[in-house]
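*Asks:* what's the 3D shape of this:
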Amino acid sequence: MSDLFWLSDAQMARLEPFFPKSHGKPRVDGRRVLSGIIFINHNGLRWRDAPTAYGSHKTLYNRWKGWSDKGIFARMMARLASAHGEQKTVMIDATYLKAHRTATSMGVKKGGGGRLIGRTKGGMNTKRHTICDSQGRPLDLFVTAGQVSDYISARALLSGLPNVDWLLGDRGYDADWFREALKDKGIRACIPGRKQRKKTVKYDKRRYKRRNRIEIMFGRLKDWRRVATRYDRCPKVFLSAIALAALVIYWL
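*Replies:* Numbering: from 1, shown residues only. Coordinates of the predicted model:
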């Protein structure tokens with residue numbers, strides 16, 4: 001029992017408002033079920049291998065799938081992260097997440113578009129795009145197929161940027177339209193220029209070094225085995241795994 005993960009009463013009190021109300025038959029202990037869901041996602045286990053202390057593995061999976069389909073875990077992370085208080089700097093980046101054969105099997109459409117899985121040099125991957133604050137805490141995230149470029153995906157995160165002074169990003173986000181969009185929002189870009197640019201782009205190299213915090217954040221999230229490797233066919237369920245990891249590590 002000592003090796004198992006259990007949410008505290010204080011943590012459960014913060015999460016309970018997000019869950020749908022129980023109708024009719026009383027629901028199984030929420031703390032036990034959610035603790036089991038976290039344990040499975042962190043350790044990369046199959047649902048049938050869940051420790052008996054968490055109850056029926058079918059209950060764990062059904063609750064996980066149902067809540068994921070309703071976007072509950074993504075809403076949890078977004079709501080708690082909205083109290084970040086960041087006013088100075090945010091960072092943007094993306095990372096590849098390897099798709100296991102169980103996520104790519106059974107009638108995948110050509111290119112894996114429907115499941116947001118794409119073929120890259122490293123094989124079949126999903127790409128996670130993230131905005132984080134100056135402390136390296138994720139504020140917003142979403143997933144695309146692996147071959148989607150960084151600056152194209154930045155459009156989806158642009159509207160959700162907080163009111164800050166700076167945005168740090170690597171060369172993958174060097175696009176004139178993106179720099180102009182940031183300028184319109186009153187945000188200064190600290191993004192090095194692409195090598196093929198004819199005119200050198202100046203940027204604050206000292207400030208840029210702080211971008212390592214988002215890399216550290218990616219590493220911590222990948223410590224969760226169901227985040228580092230995608231086993232889920234449904235992109236909404238996989239996004240829930242990422243949101244749950246971010247929630248537990250940074251916002252509870």
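*Asks:* residue ranges for the strands of the stretch 151-252 of the chain, please.
*Replies:* 166-168, 188-190, 229-230 (DSSP state E, counting those that start in this stretch).
*Asks:* I'd like to know which elements the first one is packed against.
*Replies:* Contact partners of strand 166-168 among helices and strands, from 3 or more Cβ pairs under 8 Å, 6 or more residues apart in numbering; DSSP states H and E: strand 89-99, strand 188-190, helix 205-208. C-beta coordinates here come from the backbone N, C-alpha and C atoms, glycine included.
*Asks:* which residues are contacting it?
*Replies:* With contacts defined as Cβ atoms under 8 Å, 6 or more residues apart in numbering, strand 166-168 is touched by 88-92, 161, 182, 187-191, 207-208, 210-211, 214.
*Asks:* 6 Å instead?
*Replies:* With contacts defined as Cβ atoms under 6 Å, 6 or more residues apart in numbering, strand 166-168 is touched by 89-91, 182, 187-190, 211.
*Asks:* Now tabulate the residues you listed in TSV and tack on pLDDT.
*Replies:* TSV is the format used below for the contacts of strand 166-168 (pLDDT from 0 to 100):
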residue	pLDDT
Thr89	97
Val90	97
Met91	97
Leu182	96
Ile187	97
Arg188	96
Ala189	96
Cys190	96
Arg211	95
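*Asks:* Looking at those residues, spot the one nearest Thr126.
*Replies:* Met91 (20.5 Å; Cβ to Cβ).
*Asks:* ok, that closest one - how many residues close by?
*Replies:* Look at Met91: counted by other Cβ atoms under 10 Å, it has 25 neighbours.
*Asks:* need the contact list for it.
*Replies:* By Cβ under 6 Å, 6+ apart, the contact set of Met91 is 132, 168, 211, 214.
*Asks:* Quick check: beta-bridge partners of it?
*Replies:* As for beta bridges, Met91 partners with Cys132, Leu168 under DSSP bridges.
*Asks:* State the distance from it to Ser68.
*Replies:* For Met91, the distance to Ser68 (Cβ to Cβ, to the nearest Å) stands at 27 Å.
*Asks:* ditto for Gln11
*Replies:* Gln11 is 19 Å from Ser68, where distance means Cβ to Cβ.
*Asks:* how distant is stretch 163-182 from the center of its chain?
*Replies:* Relative to its chain's centre, stretch 163-182 lies at 20 Å (Cα atoms, centre = their mean, to the nearest Å).
*Asks:* From one end of that stretch to the other, what's the distance?
*Replies:* 11 Å (Cα to Cα, to the nearest Å).
*Asks:* same question, stretch 189-208
*Replies:* 10 Å.
*Asks:* what does it rub up against?
*Replies:* 166-169, 171, 173-174, 179, 182.
*Asks:* do the same with stretch 176-188
*Replies:* 151, 154, 158, 166-167, 189.
*Asks:* go with 7 Å
*Replies:* 151, 154, 158, 161, 164-167, 189 (Cβ atoms under 7 Å, 6 or more residues apart in numbering).
*Asks:* from these, which would you call buried?
*Replies:* Among the contacts of stretch 176-188, those buried by neighbour count (16 or more other Cβ atoms under 10 Å) are 151, 154, 158, 161, 164, 166-167, 189.
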